[in-house]
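> Provided below are the primary sequence and the corresponding predicted coordinates.
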Amino acid sequence: MDIKIEHNKNLKVKPDQSNLGFGKYFTDHMFIMDYKNGAWCDARIIPYAPLELDPAVMVLHYGQAVFEGLKCYRAKGGGLNLFRPEKNFERLNKSDERLCIPQLDVDFAIKSLKELIKIDESWVPSEPGTSLYIRPFVIATEIGVGVHPSSEYMFIIILSPVGAYYKEGLNPVKICIENEYVRAVRGGIGFTKATANYASSLKGQEKAKGLGYSQVLWLDGVERKYIEEVGTMNVFFKIGGEVITPELNGSILPGITRDSVIEMLRVHGIKVVERKIAVSEIFEAAREGKLEEAFGTGTAAVISPIGEFSMGGEKVSINNGKIGSLSQKLYDNLTGVQYGAIEDHFNWITTIDMHV
Ligand code: COI
């Protein structure tokens, strides 16, 4: 399928790169493709603008929508690097499958993304710690309020120059363990990037914010005993020299940064185990002085050290609230590969060639 291109004649003034925050600014163009009569069609890059939608489109009523998040990095030397983009589009297809949304062609999605970035290339920031956040998403656009899978969809990609996700940057964040609300249950949609998962997390997140915490750590939806994930990240603990992270059990997001960190740890000869982790185990390890580090991983959050956990009045401080040496090493290695400062032995980088 060809991609039609309409250039924006009213280019925006770009924001100050030293104060981007996360997801506040959007570039001059967007990619859209429709699904109609059983096929994806009408791929186009057009000026970024509001969408015109009938108030009865199904996404507005039953939330049939999924998304992804990946980044384009301004590499050392000026080039453009994507980090494992095929993994994001493969995961988007898994989310699509669970939500009865038609599959996308991964190669075509990556080709479309590259074309879009080439057009908005001047938006890829170059200040340290900045990148172009990529938000692909699919929404159900059939008009009607009967409950059934939509027969029409839009696949859209928008781009946003960003800095750090947390205002703390690489300073450790404080996390509140939520034991009242749950995010997801096995058999549900917790393993997908369905928009509904994020809607369901808001109440707990607001509660945590009110108590002075940056994020929520979710427990399993049945026993509320086992650790699942943090609002926008997977979570890792270093206890007695060994790294542990919750196993993928159907209600946890299979993070691409999570997967990359596990691979990096293994290559560095550090033992990493994916298993069920009871929250009591973390408090016990902390009491015994064995909890050395904790950190979150995610595209937006990168590697985010955790300095404090709290649950029902009990608090645990980790590494005196300072970033641990393993978290720092993982951050340096991961971002080193992403920005092209470290050789990509893993073959994780897809470059965007401006001349092709
Ligand atoms: C990402 O890391 O890309 C995410 O999806 C988190 C996002 C909800 C901010």
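Happy to help now that I have it.
> which residue does the protein bring closest to the ligand?
G69 (2.1 Å; CB to the nearest ligand atom). Every C-beta, even on glycine, is put in place using the N, C-alpha and C of the backbone.
> I'd assumed K87 was in contact with that residue.
No: applying CB atoms under 8 Å as the test, G69 and K87 come out as separate, 11.6 Å apart.
> on that earlier part again, which residue, other than its chain neighbours, is closest to the residue of the chain closest to the ligand?
T299 (4.7 Å; CB to CB, 6 or more residues apart in numbering).
> ok, that neighbour touching S260?
No: with contact defined as CB under 8 Å, T299 and S260 do not form a contacting pair (10.2 Å).
> show me which residues of the stretch 151-300 of the chain sit near the ligand.
Y198, T232, G298, T299, A300 (CB under 6 Å from any ligand atom).
> and the furthest pair within those?
Y198 and T299 (13.9 Å; CB to CB).
> ok, those two, which is more surrounded?
It is T299, of Y198 and T299, that has more neighbours when counted by other CB atoms under 10 Å, with 21 against 14.
> pull the contacting residues for the more buried one.
G69, L70, K71, F83, Y133, G255, I256, T257 (CB atoms under 8 Å, 6 or more residues apart in numbering).
> strands - which of these land there?
L70, K71, F83, Y133 (DSSP state E).
> are we agreed that E281 is in a helix?
Yes: the assignment for E281 by DSSP: H, G, I helix; E, B strand; the rest coil puts it in a helix.
> give me the pLDDT for it.
Per-residue confidence (pLDDT) for E281: 96.
> next, H268: phi, psi?
Note on H268: its backbone torsions stand at phi -80, psi 10 [degrees, to the nearest 10].
> for it, grab the count of nearby residues.
Going by other CB under 10 Å, the residues that sit close to H268 add up to 12.
> got it, and the one 3 residues further on?
Under the neighbour criterion other CB under 10 Å, K271 is assigned a count of 10.
> the one 4 residues further on now?
Residues within reach of R275, counting by other CB under 10 Å, total 9.
> quick one: neighbours of the nearest residue to it once chain neighbours are set aside, just the number.
Distances taken as CB to CB, 6+ apart place E247 nearest to R275, at 5.3 Å, with adjacent residues excluded. Neighbour count of E247, defined by other CB under 10 Å: 13.
> check contacts around P161.
14-15, 17, 20, 25, 27, 123-125, 130-133.
> again, but for V185
Taking CB under 8 Å, 6+ apart as the definition, contacts of V185 comprise G221, V222, S251.
> let's see 6 Å
Contacts for V185 (CB atoms under 6 Å, 6 or more residues apart in numbering) come out as G221, S251.
> now it: which helix or strand?
Here V185 is covered by no helix or strand, with elements defined by DSSP states H and E.
> if anything else comes up later, I'll come back, but that's it for now.
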